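> When you get a sec, could you give me coordinates for this:
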Amino acid sequence: DSKLAERYFLDENFNAALNEYELLIQDDAVNIEYNFNLAICYLNTNGDKSRAIPYLERLVVNPKIVPDAWYLLGRAYHFGYQFDNAIRSYNKFIATGKGNILNRDDAPIQIEYCENAKELMKFPLNVTFQNLGKNINSQFDDYYPFVTSNESYIMYNSNRNNSSLEKPNGSFYSNVYISEVENGAFQPSKVIKSFCSNDNSEEIVGLKNIGGKAIVFKSNLNNEGDLYELSFKNNEFGDLKKLDQNINTKYSEIAACVSDDESKLFFASDQDGGYGGIDLYLCQKLPNGKWSSPFNLGPIVNTESDEDFPNISPDGNTLYFSSKGHTSMGGYDIFTANWDETKKKFTGIQNIGYPINTPEDNMNFRISNNKEFGYISSVRKGGYGNLDLYRVKFNRIEPRYTVIKGILKNDVERQSLEDAYIQITDQETDEIYGDYAPNEITMRYVIILPPGKYYMYVSAEGHDEIMEELEIYDKASYKHEIDKDIILKSVSGQ
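Numbers count the residues shown, from 1 in each chain. This next block holds a predicted model:
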């Protein structure tokens, strides 16, 4: 239905419009409007934006098409990691001297992003992505993960259809969800009902590393909002308390984080006097308990573009933030800045790297205590919906190992164990992790394992073999030591 497709399109309900245009184009593949609008839909949904490429390639050969099609084709190639093709398309768009003024201003920036991306991808990070699974992710957008540094729980936002009102663009008002860790695994998440409503959007935009206090952005129907402080303990959530006027102003305050000692608050704002559109600011806690006037973090951190989502590391020495400037490979990338105690400011800006950063917007990043794991929201193949939450493992960081120790015992008193040994096998790969022999006199054994699931095989001459599953937990369920005595049953004792 072309009228229905157009109505969805004009309402910016791009997901619904996309479905309609996909059907229409099957019957009329050369229709300029269908091809153009379908490409726009792909570029404006949280899916594979490069799927817009064939429709825009079909359009740019038509001399009657608007010059902006070349710009949009550049964007589609960019999202598809075809950076040289993207640069050629941007240059063709620039050469026309026509098109939307915003696109004309943006095309040179996009070319710079492509050049950055080509360099960053030469040195990919050694990381592994783990989708957080169905207990966390849904078919809707799940985004902005905030995890305590010991990974005991995660709080995040989702615009899933959970009795929330539907917006004209087909999305739902977002709410904040929480999931706690039990036995090393995130449990089914629950909406925080104490302050989440059905007719407004609430989003968590900050969390202390040790937990217990979050920053919430609460907006109204006009998409205007403020930052609020939320205190909680043992799943008991207090009331939202609006941050004072040194932080909430007539301008837009978007995201914030509080240091663990609550002496510092970093936030993003587009207030006057900054270096770009959105800058990062710092407030200090005053003796009277109020926040000081904001201090701009300066031109080393802030650029002529936008900076957002500050997150201070557990040790307070590294600031993670998102930026459209510096050496971004497209839109917002995640960067780090290190605190220089001598200069009393953050310096040494560095792009965190590909594949954590992509041509898409990468808006928020949390790190664990030992910097082995990070948390992001991302569009990746095999996800549950569009934006999913992922745990990123930095493979060059040594994992936290657990020591399993105990004594091999005989069920018959004073009978010795001959040729006793233990074999550990990885359940996932079915590979032998190691063979272990106990002390011949004391029968004590020691095994050191990283988090994972294993089979533990125990054998001794004249005794029944033992095969059992062994799981070593991480996150907040991590244990440094496990005491485990093993009793072997004598064959003669049966």
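> Verify the stated contact: residue 195 with residue 239.
Yes - contact criterion Cβ atoms under 8 Å: residue 195 and residue 239 qualify, at 7.4 Å. For every residue, glycine as well, the C-beta is placed using N, CA and C.
> More neighbours: the two, which one.
Using other Cβ atoms under 10 Å as the criterion, residue 195 and residue 239 rank with residue 195 on top: 17 against 10.
> Please name the spatially closest residue to the more buried one (chain neighbours excluded).
With sequence-adjacent residues excluded and distances taken as Cβ to Cβ, 6 or more residues apart in numbering, residue 195 is closest to residue 240, at 5.1 Å.
> Residue 362 now?
residue 334 (5.1 Å).
> residues touching that neighbour, list them.
Applying Cβ atoms under 8 Å, 6 or more residues apart in numbering, we find residue 334 in contact with 320, 321, 322, 351, 352, 356, 357, 362, 364, 365, 376.
> For residue 185, see how far away it is.
Distance of residue 334 to residue 185, given as Cβ to Cβ, to the nearest Å: 26 Å.
> May I have the beta-bridge partners of the residue nearest to the spatial centre of the chain?
Geometric centre of the chain, nearest residue: residue 376, 0.8 Å, by Cα atoms, centre = their mean. Under DSSP bridges, the beta-bridge partners of residue 376 are residue 390.
> who touches it in this structure?
The contact partners of residue 376, taken as Cβ under 8 Å, 6+ apart, are 145, 334, 356, 362, 364, 365, 389, 390, 392.
> Among the contacts of residue 334, find me the one that's closest to residue 205.
For the contacts of residue 334, the residue nearest residue 205 by Cβ to Cβ is residue 364; the value is 8.3 Å.
> pLDDT weak spots in this protein?
199, 220-224, 414-415, 492-494 (pLDDT under 70).
> Figure out how far the longest helix anywhere in the chain is from the centre of its chain.
Looking across the chain with DSSP state H, the single longest helix is helix 101-120. Distance, stretch centre to chain centre, for helix 101-120: 24 Å (Cα atoms, centre = their mean, to the nearest Å).
> hmm, who's touching it?
For helix 101-120, the external contacting residues (Cβ under 8 Å, 6+ apart) are 68, 71, 74-75, 78, 81, 83-84, 86-87, 90-91, 93-94, 327-331, 351, 353-354, 357, 359.
> And for stretch 250-261?
Contacts to stretch 250-261, defined as Cβ under 8 Å, 6+ apart, come from residues 205-210, 213, 215, 217, 226-227, 243, 247, 264-272, 278, 308-312, 314, 316, 364.
> Out of those, list just those in strands.
The strands, defined by DSSP state E, take in 205-207, 213, 215, 217, 226-227, 264-269, 308-312 from the contacts of stretch 250-261.
> Check the gap between the residue nearest to residue 195 and residue 176 for me.
Distance of residue 240 to residue 176, given as Cβ to Cβ: 11 Å.
> And residue 478, by the same measure?
Residue 478 is 26 Å from residue 176, by Cβ to Cβ.
> Then residue 231?
14 Å.
> Residue 104 now?
Residue 104 sits 39 Å away from residue 176, going by Cβ to Cβ.
> now residue 212
Going from residue 212 to residue 176 by Cβ to Cβ gives 15 Å.
> Give me the secondary structure label for residue 261.
The three-state assignment at residue 261 reads coil, by DSSP: H, G, I helix; E, B strand; the rest coil.
> count of residues packed around it?
Number of residues near residue 261 (other Cβ under 10 Å) recorded here: 10.
> list the contacts for residue 454?
424, 425, 426, 427, 433, 469, 470, 471, 472.
> Can you name the residues bridging to the second one?
Right, the one you point to is residue 425. residue 432, residue 455.
> Report the separation between it and residue 161.
Note on residue 425: its distance to residue 161, by Cβ to Cβ, is 43 Å.
> what helices or strands is whichever helix or strand comes after the longest helix of the chain leaning on?
Next in sequence after helix 101-120, counting helices and strands by DSSP states H and E, comes strand 127-131. Other helices and strands packing on strand 127-131, by 3 or more Cβ pairs under 8 Å, 6 or more residues apart in numbering; DSSP states H and E, are strand 388-394.
> The strand it packs on relative to strand 127-131, how many degrees between them?
If you take axes from the mean of the first three to the mean of the last three Cα atoms, to 10 degrees, strand 388-394 sits at 150 degrees to strand 127-131.
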